Every structure is written in C-alpha cells, then in structure tokens.
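Asks: Structure, please.
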Amino acid sequence: MTLTELAGPHVVLLATGGTISSRASEAGGAAVASDSGEQVFASMGVQASYPVRVGDVFRKGSYLLTVDDMIAICASIRQSLADPQVLGVVVTHGTDTMEETAYLVDLTHDDPRPVVFTGAQEAADSPTPDGPGNLSRAIAVAGSPHARGKGVLLAFAGTIFPAAGVRKSHTTRLDAFADPDFGTAGSVSGSGEVNIHAAQRGLAPLPLPGVGAGSPRVDLIAVYPGADSTLLQASLHAGAAGVVLQGTGTGNANRVLCRDVADAIAAGVVVVTSTRVEAGAVVPRYGDGGGADLRAAGAIPSGLLRPSQSLVLLSLLLRLDTPAAGIAETFARRGTLPD
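Replies: Numbering: from 1, shown residues only. Presented below is the predicted three-dimensional model:
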C-alpha cells in the first residue's frame, strides 16, 4: 500500500474497491471495481471536512474477499495510524461483506482514533451515485473528535452504526444496513454535522494474527427443513477446524445434525451455533435435536452475533490458537449487549 503525502492533521482514505469504485466493464455490461482511491475521492465533488490522504489497498468487489484479505485491510489501517497526524481512517469497501471486515477490524482495533467504513449501492457511473455523499459523511465522522474512543463504525446513508451486529439488510435500497440488536451509534448530516451517542464497549482488543498464523478453514453450514449431515461431513472432510451452524429459530438443528456435531466436537472441531433469524439471541432451550442438545454436545452459542460475524470471530480465534474454552468465553462476552 502506498499513500499520498500530506502534512498536518488529516484523515486517511483507504480504498479497497466495491460498488463505490465500480463502473460498467463495457456498454451495458456488468459493473466491476475499477476506480482508484484518488478517483473515488475526486468523485465527491465537494470540499471534504478535513484534509485527506489517499491510499489503495486493492480494487475488488467485496464478494471476492477472503479472511486473509480482511486481515490485510486491518494491517493497512494499523500502518496508517502509525502517523500521529492521522485523525482517523475511512475505508471504502463493498457492501456485500462490509459487515465481516468492519467487525474483524473492530475486534483487533487498539487505538482511540476512529475507523469508519462506507461504500455505495449505486455504481460510480450510475446517473445518481450515492457513493460521493456516503464518502463525504464518512470523512466527517472519521475526523470528528466526537468519534474518538467509539471504536470501528460504519457510516451509510446518514446513519452511523457500531461494527458489532451490523448487517446488510437490503440488497438494493440506499439505506442498506441495520443493527437490530446493538442499535445505531448516531447520525451524520450531508453538511458533515456528526452526532454520536453510543459509547464503545469496554472489551480489550484481540491480537492481529501475524504472517505465519495460517488460514484454518471455517465453514458456514445452514440448517433447513430436511437437512442432513452431508454438508457438515463435506466440511469436515475438507479439513475444517471450525464450523458455524446457521440454525433455525433460537439456534436449533435436528437429531441427525446434533449427533454428527457431537462427533465433530469430540474430534477437536469447534462448532458455533448462530441463527438465520434477523434479531434476537441464540438461546439453547429445545431438546430433541434443538439448541439445548447442540449445547450439550459442546456447540458454542453465538449470542447476538449472526453467522457472518460469528464466522469472522471464530476464524480470528482459531488463527490465534485459542482453546475451545477460550472461544466459548469470548463468544459469551462479545455476543451480548453492552452493560
């Protein structure tokens, strides 16, 4: 990653691609990430609230990202924050997996200065792109003293969200994100007026894995009517070190899956139970193949964390060689509402 030079207090913009940088590959063709960070910044067309230094991490649709790519974004953010003149960092990112990357950064962020994710729903060459407005607002948040100590945030369509619990809630609407359990963190106006009301949770950051940490496989497996263990067995055969089970309701499965989850856990695989339901906690209360049986087998309830962020947290903990008991303790802490 290279950054343009800039002296004095400023915000760093790290571009990673996504719809905010996308244009049609040919007349009437599919959109692909193509604009550089400088081009994305120039598209704002208005004066930024703070001086901005721009860098490119990579140029990809976020549906292409791996956990290792997300760790690279974390490393670029840390590199940017090594400069004491930096007020905060904005990351432009595709909306498809923004909730995963933002959460990974939040888990490992060890600095009072804010990191703010934003992007777009309409491509850069759209007749009415929303990216420029989102970026202008995100820069205002990243440089605001009110955002210091609030952790990692996501600013989209004027609303500010905490990274924990945020999720893409609509495929095409401009106000594309929601956080039904952890709530919003504030708002930012088109003129850059920032109102933040949520405090950062008092949880110690987790280490960022080093280069030699490896890439343990973690798979997400859905539970659905009539599901058997075919997908679970394929995951285990492929060498999965961890599995996130997207359960139904309060985190339920069925008798067959419970049996084979128990065998997988006995063999050393870490299994976390989340849910496909939009809001509410995973509560192991049902037997006969339900969540209580999964917990008895050794599965770890994800609390309020949905499958996307459960996978990120489990992937990070496995890279850090965290024992199963430590993984369970971490999910218990991070899957609850702030005190």
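
Asks: Setting aside sequence neighbours, what's the nearest residue to residue 221?
Replies: Of all residues not flanking residue 221 in the chain, residue 231 sits nearest, at 5.0 Å (CB to CB, 6 or more residues apart in numbering). Every C-beta, even on glycine, is put in place using the N, C-alpha and C of the backbone.

Asks: same question, residue 213
Replies: Counting by CB to CB, 6+ apart, residue 213 lies nearest to residue 319, which is 4.4 Å off, once chain neighbours are set aside.

Asks: The one you found and residue 217 touch, don't they?
Replies: No: using CB atoms under 8 Å, residue 319 is not in contact with residue 217, being 11.2 Å away.

Asks: So the two - more neighbours on which side?
Replies: Taking neighbours as other CB atoms under 10 Å, residue 319 and residue 217 compare with residue 319 leading, 22 against 16.

Asks: what pLDDT does that one get?
Replies: On pLDDT, residue 319 comes in at 97.

Asks: got the contact list for it?
Replies: 209, 213-216 (CB atoms under 8 Å, 6 or more residues apart in numbering).

Asks: From the residues you listed, which one has the minimum pLDDT?
Replies: residue 213 (80).

Asks: Measure how buried that residue is and give me the count.
Replies: For residue 213, the count of nearby residues is 16 (other CB under 10 Å).

Asks: Next one: it relative to residue 317, how far apart?
Replies: Remark: distance between residue 213 and residue 317 (CB to CB, to the nearest Å) = 11 Å.

Asks: Next: residue 108.
Replies: Remark: distance between residue 108 and residue 317 (CB to CB) = 12 Å.

Asks: Between these two, which contacts overlap?
Replies: Shared contacts of residue 108 and residue 317, defined by CB under 8 Å, 6+ apart, comprise residue 206.

Asks: Name the residue in the two with the higher neighbour count.
Replies: Taking other CB under 10 Å, residue 108 and residue 317 do not tie; residue 317 has more neighbours (24 against 19).

Asks: What are the buried residues along the helix or strand harbouring residue 154?
Replies: Element membership of residue 154, judged by DSSP states H and E, is strand 152-156. Of the residues in strand 152-156, 152-156 count as buried by neighbour count, 16 or more other CB atoms under 10 Å.

Asks: Sheet partners, orientation included, of it?
Replies: Strand 152-156 pairs in its sheet with strand 115-118 (parallel), strand 159-162 (antiparallel), by DSSP bridges.

Asks: Return the most buried member of those.
Replies: Comparing these by mean neighbour count (mean count of other CB atoms under 10 Å), strand 115-118 ranks first with a mean of 30.

Asks: avg pLDDT for that one?
Replies: For strand 115-118, the mean confidence score works out to 98.

Asks: Show me the contact partners of that strand.
Replies: Contacts for strand 115-118 (CB under 8 Å, 6+ apart): 20, 77, 88-93, 98, 101-102, 105-106, 109, 134-135, 137-138, 141-142, 147, 151-156, 163.

Asks: coming back round to it: give me the phi and psi angles of the residue nearest to residue 213.
Replies: Backbone torsions of residue 319, given as degrees, to the nearest 10, read phi -70, psi -30.

Asks: sorry, back to before: pull the distance from the strand holding residue 154 to the chain's centre.
Replies: With CA atoms, centre = their mean, to the nearest Å as the basis, the distance from the averaged C-alpha position of strand 152-156 to the chain average is 10 Å.

Asks: how many neighbours does residue 173 have?
Replies: Residue 173 has 10 nearby residues by other CB under 10 Å.

Asks: show me the contacts for residue 167.
Replies: Shown in contact with residue 167 (CB under 8 Å, 6+ apart): 99, 177-179, 306, 308-309.

Asks: Pull out the buried members of those residues.
Replies: Buried among the contacts of residue 167 by 16+ other CB under 10 Å: 99, 177-179, 306, 308-309.
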